[in-house]
Every structure is written in C-alpha cells, then in structure tokens.
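K.L.:
Kindly return the folded structure for what I paste below:
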Amino acid sequence: QVQLVESGGGLVQAGGSLRLSCEASGRTFSTYGMGWFRQAPGKEREFVAAISRSGGNTYYADSVKGRFIISTDNAKRTMYLQMSSLNPEDTAVYFCAATYTIYNPIYTSMKDYDAWGQGTQVTVSS
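P.N.:
Below is the predicted model of the structure:
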C-alpha cells in the first residue's frame, strides 16, 4: 500500500500561483495512476486532474484546464500540481490520490483510487 503526503498549500491572492506536492512511499512509484481532487466547504469532493502511470497522459477538469498542470517526478516519487491564475473558487482542501495499476489509463473517479493523502488547504483571497 502506498502512503501519500501532500504539501504546498497556503494563502494566496487571486491571480497568484501555488505548487502542490504529493510525496509517495511504499510500492514502486511508476506503478500508480495518480490524481488530484479538491473539496470546498459544504461541497462534495471533486476531480481536478489526473496523470497516467507513465506520466504521458493527463486530464483536467474543465474548471482548471489551462490554469493547472499535473506532473510527476519518478526519481523523487512525487506528483505535483502547478496552479496558476488562482481565483477564490479554487479555495478548497486538495487531496492527492493513487491507484496501483498495470495499465496506463487516466482515472477521474474517486472510486478508482485506493490511497489518499490527508489533504492540504488552499485559500485564495479576492
């Protein structure tokens, strides 16, 4: 089982940028499909972005497309979410997730993931 630890959250003004990190320990990092989800106060957790185990395929929610970039660094066993042009609607707790797979798809549903980090708070002020 993989363990995930997020970092990089914080308070930023609208229009600013942040980079979230998700460090994984346990199984070989490159055997996991990974993703980012977020949960705003009073709302359900929602998909943000996902990346295939090879890192060659990515997918984004429409709300963040063109502003966020998901990437992985196998040597550092870390996934990143570079967030730019942030707005108050991006305020949420951001969670990273991983699922062991022998294939190379993109996973966008929460039910596809079997390991989750504890979350990191991102607050965007107007």
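
K.L.:
for the residue sitting nearest the centre point of the chain, phi and psi?
P.N.:
Centroid-nearest residue in the chain, with Cα atoms, centre = their mean: residue 36, separated by 2.4 Å. Residue 36 adopts backbone torsions of phi -120, psi 140, taken as degrees, to the nearest 10.

K.L.:
I figured it hits residue 45, correct?
P.N.:
No - the pair residue 36 / residue 45 is not scored as a contact, 10.7 Å apart, by Cβ atoms under 8 Å. Bear in mind the C-beta positions are built from the backbone N, C-alpha and C, glycine included.

K.L.:
Identify the contacts common to those two.
P.N.:
residue 95 (Cβ atoms under 8 Å, 6 or more residues apart in numbering).

K.L.:
For the protein, just list every one of the strands.
P.N.:
Applying DSSP state E to the chain gives strands spanning 3-7, 10-13, 18-25, 32-39, 46-51, 58-60, 68-73, 78-83, 92-100, 115-116, 120-125.

K.L.:
Output the ones you listed as a markdown table; include the columns mean pLDDT and distance to residue 109.
P.N.:
Listed next are the strands of the chain as a markdown table, based on pLDDT from 0 to 100; distance: least, Cβ to Cβ, whole Å:
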| stretch | mean pLDDT | distance to residue 109 |
| --- | --- | --- |
| strand 3-7 | 96 | 17 |
| strand 10-13 | 98 | 28 |
| strand 18-25 | 96 | 18 |
| strand 32-39 | 96 | 9 |
| strand 46-51 | 98 | 7 |
| strand 58-60 | 97 | 12 |
| strand 68-73 | 97 | 16 |
| strand 78-83 | 97 | 18 |
| strand 92-100 | 96 | 10 |
| strand 115-116 | 96 | 13 |
| strand 120-125 | 98 | 21 |
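
K.L.:
just those: most buried one?
P.N.:
Most buried of the strands of the chain, by mean neighbour count (mean count of other Cβ atoms under 10 Å): strand 32-39, with a mean of 24.

K.L.:
now what about it, what contacts it?
P.N.:
In contact with strand 32-39 (Cβ under 8 Å, 6+ apart) are residues 2, 20, 22, 24, 45-53, 70, 72, 79, 81, 90, 92-101, 104-108, 110, 112-113, 119, 122.
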